[in-house]
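> Curious how this folds, go ahead:
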Amino acid sequence: MSLRCLDVELDDAERIARTGDVWLFTGHQLADRAIRAATNAPVNHVAMVLALDDLPPLLWHAELGRSLVDVWTGEHHRGAQLHRLRDAADRWVNRYGQTAFFRQIEPEVSREQEDAALRVVSEMSGRSFPSSPRLASHWLRGRVRRATNLEDVYCAELVALSYQRMGLLGERRPPNWYDPGRFWSGDRLELAGASLGPEVAVEVPPPVVDRPSAEDVADGNGLRPAGGRVRSGFQAVARRVGRRRPGSASDDGAITPPTPTSPPGDPER
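Numbers count the residues shown, from 1 in each chain. Next up is the predicted model:
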């Protein structure tokens, strides 16, 4: 199977990003091919966009890697993570050798739906990625519509859960019924009051090697050059959903930044 679609540059994909858009990835490693073979789809990873106010667009997904900082927790960890979209696209395309696509949601989601998505981020960020046996168990239980306890979560399961909490996806099927291929246009994803457009291929430029400024290093979250703006913007976002994240303002207005963590080496995928 192949995807035939339009293509845009990453800058343009960022500019038009909406909360609820899905990003799809396809690669050539053994694990990627195994996922596609098992699900009979041309994609092996799915993620969801959060485009919040004037912040850079973010990508919400579950993965094995931990080389990027989760902007919600301010930490490096595997599993459910929220990354700056540009950083995640660069990592998946230039480091993991994937091809990236996105599908835009129509119409734009409401403020209430966006807040529901943020509550899922607050609840699930940091949940581990399942081991290979547990991943198979999640998926097989989903075939017979038996839910899992979400102590760990894989990519499509996380996106499906987010869509359900946003009221976009019914709960007739549990989140672990879904796999990345369910979010490809070749499948029929039944959304409530919304639809996803066709796949658009994203041209991600080669990485530019640079050094973070002293301000970005002190900021402790690795999001350059907009790290400080992203973190301070999240203070307002966290207040919207009634939760306080690491690095949010205290009651007296002082900011306690998350403890910086050293970026680990890229894990084997």
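
> hmm, who's touching stretch 112-129?
Defining contact as CB atoms under 8 Å, 6 or more residues apart in numbering, one finds that stretch 112-129 is touched by 19-20, 48, 50, 52, 60, 62-64, 70, 72-73, 75, 77-82, 109, 135, 150-154, 158, 161-162, 165-168, 237-238, 240-241, 243, 245. C-beta: built from backbone N, CA, C; applies to glycine.

> Start from the N-terminal end of the chain and give the helices.
10-15, 30-39, 85-90, 111-124, 132-143, 155-165, 214-219, 227-240 (DSSP state H).

> for the fifth one, packing partners?
In this case it means helix 132-143. Helices and strands touching helix 132-143, by 3 or more CB pairs under 8 Å, 6 or more residues apart in numbering; DSSP states H and E: there are none.

> just to revisit the earlier point, would you turn the helices of the chain into TSV with mean pLDDT?
Formatted as TSV, the helices of the chain follow (pLDDT from 0 to 100):
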stretch	mean pLDDT
helix 10-15	96
helix 30-39	78
helix 85-90	97
helix 111-124	96
helix 132-143	79
helix 155-165	97
helix 214-219	44
helix 227-240	58
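
> Of these, which is nearest Ala192?
Closest of the helices of the chain to Ala192 is helix 155-165, at 9.2 Å (criterion: CB to CB).

> what sits against Asn44?
Applying CB under 8 Å, 6+ apart, the residues contacting Asn44 are 25-27, 31-33, 35-36, 180.

> quick check, nearest of those to Trp139?
Nearest to Trp139 among the contacts of Asn44, with distances taken as CB to CB, is Ile35, at 9.6 Å.

> confidence score at the closest residue to that closest one other than its chain neighbours?
The spatially closest residue to Ile35, leaving aside those adjacent along the chain, is Asn44, at 4.1 Å (CB to CB, 6 or more residues apart in numbering). pLDDT for Asn44: 92.

> what's the answer for the one 10 residues further on, then?
Looking at Asp54, its pLDDT reads 86.

> ok, now the one 5 residues further on?
Turning to Leu59, the model gives it a pLDDT of 98.

> I figured it hits His83, correct?
Yes. Using CB atoms under 8 Å, Leu59 makes contact with His83 at a distance of 5.2 Å.

> hang on, Asp152 packs against Arg134?
Yes. At 6.2 Å, Asp152 counts as touching Arg134 under the criterion of CB under 8 Å.

> Could you check which of the two has the larger neighbour count?
Just comparing Asp152 and Arg134: by other CB atoms under 10 Å the higher neighbour count belongs to Asp152, 19 against 15.
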